[in-house]
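J.: Just need the structure, nothing else, for what follows:
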Amino acid sequence: MAGSIGAGAKSGTSGQPLLAQAALMREWLAQLPFEAFSQPSVLPGWDVRLLTGHVLMIFRGLLGALGSPVDEPPLALHDYVARYRVDAGAIDAVTAEIAADRTPDELLGELDLLLSQVRVRLAEPLPKVVRAPRGPISGADYLTTRIFEVLAHSHDLSRSLPDRAPIELDRGALKAGVRGLAGMLAAKHPGRSVEVRVPPFAAVQCIEGPRHTRGTPPNVVETDPVTFLLLATGRADWRQALAAGQVRASGNRADLSEQLPLL
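T.: Model (predicted):
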């Protein structure tokens, strides 16, 4: 499985997990030979250079949102990310515009600048609600979506060039990402009939149906953090992960194939 879990940087601010994972991704990209950027990525129609351009879009969007506080009711996190699919064409177009005909050095130069600006901005309090590209969302939730994205695309880059050592997954980023995704699962599919455990980071109850009050729940799903990340972001298939032993499910309702992926 691409991506090892490293100790990473300790969380000093709310944005530290994101910055730590971004630094690991940037270091990996900087070590690629020029020709590697023209290799196809695992995302259909994108090469590694385009995927790198998409990473720039992630941080451009973050800076834009943090600079756009609004006094509006925020979308729930799961409602916000549901808009990704609707806007997939626009996301592709913006990615292509950012990458254009720029060289890898030019892309990495802008990434360095963006990360420097993001580091400064995240040292300040997050706005309560921001105007993000897909609509109003709490500042904390939008920051969490950026963690989802950077973790998922770290894995995409690693799988795109499997002959190279994978991008390390920062432990703090993985913790924040897993907790955010688990919380989103519970919010999108509320209930107490299934307990989803992702040790050591998260445990939530979800899905309508008979609930338990004492002892071991009748329906339990347990998996490791990286597998949960991949399932929730559409990088792994539920049935294949179950057959491979990466997911353990007990109980006749412990089937999340209809609830996952979340993104």
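
J.: Name the spans of the stretch 101-250 of the chain whose pLDDT lies under the cut-off.
T.: For the stretch 101-250 of the chain, the stretches with pLDDT under 70 are 211-216.

J.: Quick one: the helices in it, in order.
T.: In the stretch 101-250 of the chain, the helices defined using DSSP state H, counting those that start in this stretch lie at 104-122, 139-160, 171-188, 225-232, 238-243.

J.: Just tell me which of these ends up closest to residue 129.
T.: helix 139-160 (6.8 Å; C-beta to C-beta). Heads up, the C-betas are built off the backbone N, CA and C, glycines and all.

J.: Beyond the strand or helix carrying residue 29, next helix or strand please.
T.: Using DSSP states H and E, residue 29 falls within helix 16-30. Heading C-terminal from helix 16-30, the first helix or strand you meet, by DSSP H and E, is helix 48-66.

J.: Just the mean pLDDT for the helix or strand just after that next one, thanks.
T.: Scanning forward in sequence from helix 48-66 by DSSP H and E, the next helix or strand is helix 77-86. Across helix 77-86, the average pLDDT comes to 92.

J.: buried residues in the very next helix or strand once past helix 77-86?
T.: Moving toward the C-terminus from helix 77-86, the next helix or strand (DSSP H and E) is helix 88-99. Neighbour-count burial for helix 88-99 flags 91, 94, 95, 98, 99 (criterion: 16 or more other C-beta atoms under 10 Å).

J.: Make sure the fourth one is actually in contact with residue 56.
T.: Yes. Under the criterion of C-beta atoms under 8 Å, residue 98 lies in contact with residue 56, with a separation of 5.2 Å.

J.: ok, now which ones touch residue 173?
T.: Going by C-beta atoms under 8 Å, 6 or more residues apart in numbering, residue 173 touches 8, 17, 18, 20, 21, 147, 150, 151.

J.: List only those of the residues you listed flagged as buried.
T.: 8, 17, 18, 20, 21, 147, 150, 151.

J.: before we move on, back to that, so which of the helices of the stretch 101-250 of the chain is nearest residue 66?
T.: Nearest of those (C-beta to C-beta): helix 104-122, 5.2 Å.

J.: Please state the offset of that closest one from the chain centre?
T.: 19 Å (C-alpha atoms, centre = their mean, to the nearest Å).

J.: Give me the contact list for it.
T.: Contacts of helix 104-122 (C-beta under 8 Å, 6+ apart): 13-16, 18-19, 22-23, 26, 29-30, 32, 34, 37, 49, 52-53, 55-56, 59-60, 62-63, 66-67, 99, 143.

J.: how near is residue 27 to residue 54?
T.: Spatial separation of residue 27 from residue 54 under the definition C-beta to C-beta, to the nearest Å is 18 Å.

J.: Could you measure from residue 237 over to residue 261?
T.: Distance from residue 237 to residue 261, by C-beta to C-beta: 9 Å.

J.: what's the answer for residue 112, then?
T.: With distances taken as C-beta to C-beta, residue 112 is found 31 Å from residue 261.

J.: the more surrounded of the two?
T.: residue 261 (15 against 12; other C-beta atoms under 10 Å).

J.: Helix or strand: which one has that one?
T.: For residue 261, there is no helix or strand it lies in under DSSP H and E.
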